[in-house]
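Peer 1: my questions concern the predicted model and sequence given below.
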Number of protein chains: 2
Amino acid sequence: MISLDDVRAAARTLSGVAHRTPVLTSRTLDRRTGATVFCKAECYQRGGAFKFRGAYNRISSLSQAQRERGVGAFSSGNHAQAVALAASLLGARATIVMPEDTPKAKLEATREYGAEVVFYDRYSQDREAIGTALAGERGLTLVPPYEDDFVMAGQGTAALELIDEVGSLDTLLVPVGGGGLIAGSSTAAKGVLPDVRVLGVEPAVRDITKRSLEKGERVRVPVPQTIADGQQGDIPGAMTFEVNRRRVDDVALVTDEQILDAMTLLFERMKVVAEPSGASALAALLAGLVDVEGQRVGVVLSGGNVGIQRFCDLMRLHRSGAAG
Amino acid sequence: MISLDDVRAAARTLSGVAHRTPVLTSRTLDRRTGATVFCKAECYQRGGAFKFRGAYNRISSLSQAQRERGVGAFSSGNHAQAVALAASLLGARATIVMPEDTPKAKLEATREYGAEVVFYDRYSQDREAIGTALAGERGLTLVPPYEDDFVMAGQGTAALELIDEVGSLDTLLVPVGGGGLIAGSSTAAKGVLPDVRVLGVEPAVRDITKRSLEKGERVRVPVPQTIADGQQGDIPGAMTFEVNRRRVDDVALVTDEQILDAMTLLFERMKVVAEPSGASALAALLAGLVDVEGQRVGVVLSGGNVGIQRFCDLMRLHRSGAAG
């Protein structure tokens, strides 16, 4: 089980490599929530999301020989770019397994960081089988997106920086996908501030962490459609759940419409680009789903990787009232 | 003629009131330009643009009696919000004269800051006549958007902060509307760094400052359509031109397409929302209009007030290739 010391060690590893991302405040946000809100803007992290922190911390723990053989990952999203970038900085070759229909921008960004991309057909082939076979053939070390202590600890450094910068918090809100970001964040936050309340936020249609915490064991749900593409896994990670069942107080559930409201406020008032999953924790706050009256509240904006075309398509849906 | 001392005095007045906006860097930007680029992000200024600096510096110079009688401004844009906000912070009543067809978001933002809005019909009524009459009746002090030493000096504090934070620059690029931002910026920059090259950037279809500098006197042009709504005046200010003819080295001219390219890079790579005029200086750099190879380059991103609907409409135009 990771501890505050692991997050602190990760922070030392990441010092001078990861960006110390800005903490953003907004009078509009404070007025609308009745709280004093501090947004940790990981959309300004290298690679555009918090994922770089975990990937770099993991790859930096590898031996020289392991780095020379290379690292691998399966991802069509932010984790792919994070592994590609971290590997290139640490002199490791990276092989990323991506679906054939990965958006061009994400594909190009991954290749720009020097990674080799191996495609699979998501309708006929099994990603994990391909990745595992490839790792075996090439001797690659797989970098998981969340099921790893180094990854969780690295991802927790964002919360550690936030508290270091703003001081005490009453509540910390964190988006939950596989559970790695909130595992690291809750470990860091409760390590430094024993009384802080740590709340996860996930899409209402994919309430796997909420249900798993209530049941005391990991629950799998069929995943209906959500715009929050960073929060589409169907079951919490086994390792992350062991951390989160001890350190996460509750989970709030947001709709796509609430996420789009938050993305709108970020764009129009705070001039910040956030992707849907990246805005989900703020969405819960803005929608009034969490009682924070008079509190000091931290919110992790976890990423900003959304192209203009998709952003505008989502916003058209929002204005028409067709989002869920 | 304003001096570096005036900008320094303005910086003291604004200390703890204006945001010290972040300086953003991007490896993508450096690679694409062959320079080391520092973007001073005034889109994160209070009111969403650099205008707050000048308005606050001007209003803070007024006597208590003047503040009690109130201040006035004509503007449908960023200056309106800046005057409304600065007045409210300084205990002055503000009256803003706006066209009846002002976008709702700008109207609401101005009222949220506590200003009274007086409408006029832009097709049948003269804005200045209405404003001047109103100022006479009510004893208001008018806060001009650029034709004022306090305003110019206040606006120059952004460049002063930039140089204070990053050190020496070879070139500084600044958007030019009426010329107040670049008057203050060139005064600050050349005061601190005598050898810095200061370049203005304006829309190619509205090259008033470029032509005026070449001719040595203010030139008026009929203003064709441009998406850069902060740069639509038809003649440089008289006071700003007296500064700029001495302190501005040259002016680069950008097309709407080049501005939209810059807004795209800001959104997709840097996660920053900029309005068209706000991205114009970066546009000149990205389009290769200025020789900056190997240089340290400062760029002022002057504002970020663009609604999502307009942003997406502009980007649709961009993708279709229909922008100029």
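Peer 2: All right, it came through fine.

Peer 1: look up how far residue B:105 lies from residue A:177.
Peer 2: 33 Å (CB to CB, to the nearest Å). C-beta coordinates here come from the backbone N, C-alpha and C atoms, glycine included.

Peer 1: quick one: which of the two has more around it?
Peer 2: residue A:177 (31 against 16; other CB atoms under 10 Å in any protein chain shown).

Peer 1: wait, that one touches residue A:230, no?
Peer 2: Yes: here residue A:177 reaches residue A:230: they are 5.1 Å apart, a contact under CB atoms under 8 Å.

Peer 1: from the centre of chain A, point out the most distant residue.
Peer 2: In chain A, the residue that sits farthest from the middle, by CA atoms, centre = their mean, is residue A:137; the gap is 29.9 Å.

Peer 1: residue A:121 versus that one, what's the distance?
Peer 2: Taking CB to CB, one finds residue A:137 at 19 Å from residue A:121.

Peer 1: again with residue A:296
Peer 2: For residue A:296, the distance to residue A:121 - CB to CB - is 49 Å.

Peer 1: out of the two, which sits in the more crowded spot?
Peer 2: Shown here are residue A:296 and residue A:121; by other CB under 10 Å, residue A:296 has more neighbours (17 against 11).

Peer 1: wait, the more buried one sits on residue A:30?
Peer 2: No: with contact defined as CB under 8 Å, residue A:296 and residue A:30 do not form a contacting pair (10.5 Å).

Peer 1: overlap in contacts of these two?
Peer 2: residue A:36 (CB atoms under 8 Å, 6 or more residues apart in numbering or on different chains).

Peer 1: flag every residue of chain A that's near chain B.
Peer 2: A:22, A:43-44, A:48, A:105, A:264, A:267-268, A:271-274, A:304, A:307-309, A:311-312, A:315-316, A:319 (CB under 8 Å from any CB of the partner chain).

Peer 1: how about the secondary structure of residue A:47?
Peer 2: Counting by DSSP: H, G, I helix; E, B strand; the rest coil, the backbone at residue A:47 sits in helix.

Peer 1: the helix or strand hosting residue A:84 - what's its average pLDDT?
Peer 2: Assigned by DSSP states H and E, residue A:84 belongs to helix A:78-89. The average pLDDT within helix A:78-89 is 95.

Peer 1: the next helix or strand along the chain from that helix: partners in the sheet, and parallel or antiparallel?
Peer 2: Following helix A:78-89 in sequence order, the next helix or strand is strand A:94-99 (DSSP H and E). Its sheet considered, strand A:94-99 pairs with strand A:71-74 (parallel), strand A:116-120 (parallel) by DSSP bridges.

Peer 1: outside of the last one, which residues touch it?
Peer 2: Same thing as strand A:116-120. With contacts defined as CB under 8 Å, 6+ apart, strand A:116-120 is touched by A:93-100, A:102, A:107, A:110-111, A:126-127, A:130, A:134.

Peer 1: just the buried residues of the residues you listed.
Peer 2: A:93-98, A:102, A:107, A:110, A:127, A:130, A:134 (16 or more other CB atoms under 10 Å in any protein chain shown).

Peer 1: out of these, which one has the weakest pLDDT?
Peer 2: Out of those, that is residue A:127, at 79.

Peer 1: quick one: residues contacting it.
Peer 2: A:74, A:97, A:99, A:120 are the contacts of residue A:127 under CB under 8 Å, 6+ apart.

Peer 1: so which of those residues comes closest to chain B?
Peer 2: Proximity of these to chain B (CB to the nearest CB) peaks at residue A:99, which lies at 20.9 Å.

Peer 1: of the strands paired with strand A:94-99, which stretch is the most buried?
Peer 2: Burial of these is given as mean neighbour count (mean count of other CB atoms under 10 Å in any protein chain shown); strand A:71-74 ranks first at a mean of 26.

Peer 1: so how far is that strand from its chain's centroid?
Peer 2: 17 Å (CA atoms, centre = their mean, to the nearest Å).

Peer 1: so the closest residue to chain B within the stretch 101-250 of chain A versus residue B:114, what's the distance?
Peer 2: Residue nearest to chain B within the stretch 101-250 of chain A: residue A:105 (7.1 Å; CB to the nearest CB). Plainly put, residue A:105 is 43 Å away from residue B:114 if you go by CB to CB.

Peer 1: ok, which stretches of chain A are strands?
Peer 2: For chain A, strands defined by DSSP state E occupy the ranges A:23-24, A:36-41, A:71-74, A:94-99, A:116-120, A:141-142, A:171-175, A:197-203, A:250-254, A:296-301.

Peer 1: does residue A:134 really touch residue A:72, like I thought?
Peer 2: Yes: between residue A:134 and residue A:72 a contact is recorded at 6.3 Å, counting by CB under 8 Å.

Peer 1: next, count neighbours for residue A:237.
Peer 2: Residues near residue A:237, counting by other CB under 10 Å: 24.

Peer 1: contacting residues around it?
Peer 2: The neighbours of residue A:237, taking CB under 8 Å, 6+ apart as the test, are A:146-147, A:178-180.

Peer 1: restricted to helices, list those.
Peer 2: Using DSSP state H, the subset of these located in helices is residue A:180.

Peer 1: so, low pLDDT: which residues of chain A?
Peer 2: A:323-324 (pLDDT under 70).

Peer 1: follow-up on the earlier one: among the residues of chain A next to chain B, which ones are buried?
Peer 2: When the residues of chain A next to chain B are checked for burial by 16+ other CB under 10 Å, the buried set is A:22, A:43-44, A:48, A:105, A:264, A:267-268, A:271-274, A:304, A:307-308, A:311-312, A:315.

Peer 1: from these, which ones fall inside helices?
Peer 2: Using DSSP H, those in helices are A:105, A:264, A:267-268, A:308, A:311-312, A:315.

Peer 1: how about a markdown table for these, with distance to residue B:195 added?
Peer 2: Converted to a markdown table, those look like this (distance: CB to CB, whole Å):
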| residue | distance to residue B:195 |
| --- | --- |
| A:105 | 40 |
| A:264 | 45 |
| A:267 | 39 |
| A:268 | 40 |
| A:308 | 39 |
| A:311 | 42 |
| A:312 | 44 |
| A:315 | 46 |
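
Peer 1: taking these together, which two end up most distant?
Peer 2: A:105 and A:268 (23.4 Å; CB to CB).

Peer 1: close enough to count as contact, residue A:26 and residue A:37?
Peer 2: Yes: counting by CB under 8 Å, residue A:26 touches residue A:37, with 7.3 Å between them.

Peer 1: which of these two has more neighbours?
Peer 2: residue A:37 (23 against 17).

Peer 1: is the more buried one in contact with residue A:285, as I believe?
Peer 2: Yes: counting by CB under 8 Å, residue A:37 touches residue A:285, with 6.9 Å between them.

Peer 1: shared neighbours, the two?
Peer 2: Common neighbours of residue A:37 and residue A:285 (CB under 8 Å, 6+ apart) are A:297, A:299.

Peer 1: alright, that wraps it up for me.
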